[in-house]
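**Q** Have a look at this fold, sequence not included:
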């Protein structure tokens, strides 16, 4: 019987998610909340405005989940949603000072999980393969 690569990837992703949730719990974040915060931070330098749809695409999430996570992060004072300068249907998303500060310490925890699971030096070949797979989805 042939091994299914997708099942192995799913298993690794689930192990990573559990480990990340454990590491982020002291910061009051879940894995998905961290991914959304980190996504905003990564998108901001490259675009004028971060929109919910761009964030959902960047984080490989769906629009409804991204919206509910953003609502929770906004209630906690970690992100702000304001008017988009050119699209009245969209909001512009930014990190607050508190959101940026929390992201700094949460990112340290996330990087520690990555080092523990995947080693201190990432395998650039593997990263390229995974990026290609994500790009084709």
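**A** On my side now, so go ahead. Here the structure is a predicted model, which means the values were calculated and not measured.
**Q** Could you check how far the lengthiest helix in the chain is from the centre of its chain?
**A** The residue-count maximum for a helix in the chain (DSSP state H) belongs to helix 97-118. Taking CA atoms, centre = their mean, to the nearest Å, one finds helix 97-118 lying 11 Å from the centre of the chain it belongs to.
**Q** Equivalent analysis for stretch 82-91, please.
**A** The chain centroid and the centroid of stretch 82-91 are separated by 22 Å, computed with CA atoms, centre = their mean.
**Q** where along this structure do the helices fall?
**A** Remark: helices of the chain, listed N- to C-terminal, are 5-24, 31-43, 52-58, 63-75, 97-118, 124-135; assignment by DSSP H.
**Q** Mind listing residues that contact the second one?
**A** Residues outside helix 31-43 that contact it (CB atoms under 8 Å, 6 or more residues apart in numbering) are 17, 20-21, 24, 29, 50, 54-55, 58-59, 61, 65-66, 69-70, 72-73, 78-79, 93-95, 99-100, 102-103, 106-107, 110. Where C-beta positions appear, they are placed from N, C-alpha and C, glycine not excepted.
**Q** Report the buried residues of it.
**A** When burial is assessed from 16 or more other CB atoms under 10 Å, helix 31-43 yields the following buried residues: 31, 32, 33, 34, 35, 36, 37, 38, 39, 40, 41, 43.
**Q** try the third one
**A** When neighbours are counted by 16+ other CB under 10 Å, the buried residues of helix 52-58 are found to be 52, 54, 55, 56, 58.
**Q** Give the rounded mean pLDDT of it.
**A** Average pLDDT, helix 52-58: 91.
**Q** just to revisit the earlier point, tell me what angle the longest helix of the chain forms with helix 63-75.
**A** 120 degrees (axes from the mean of the first three to the mean of the last three CA atoms, to 10 degrees).
**Q** was I right about residue 93 contacting residue 51?
**A** Yes: with contact defined as CB atoms under 8 Å, residue 93 counts as touching residue 51 (6.9 Å).
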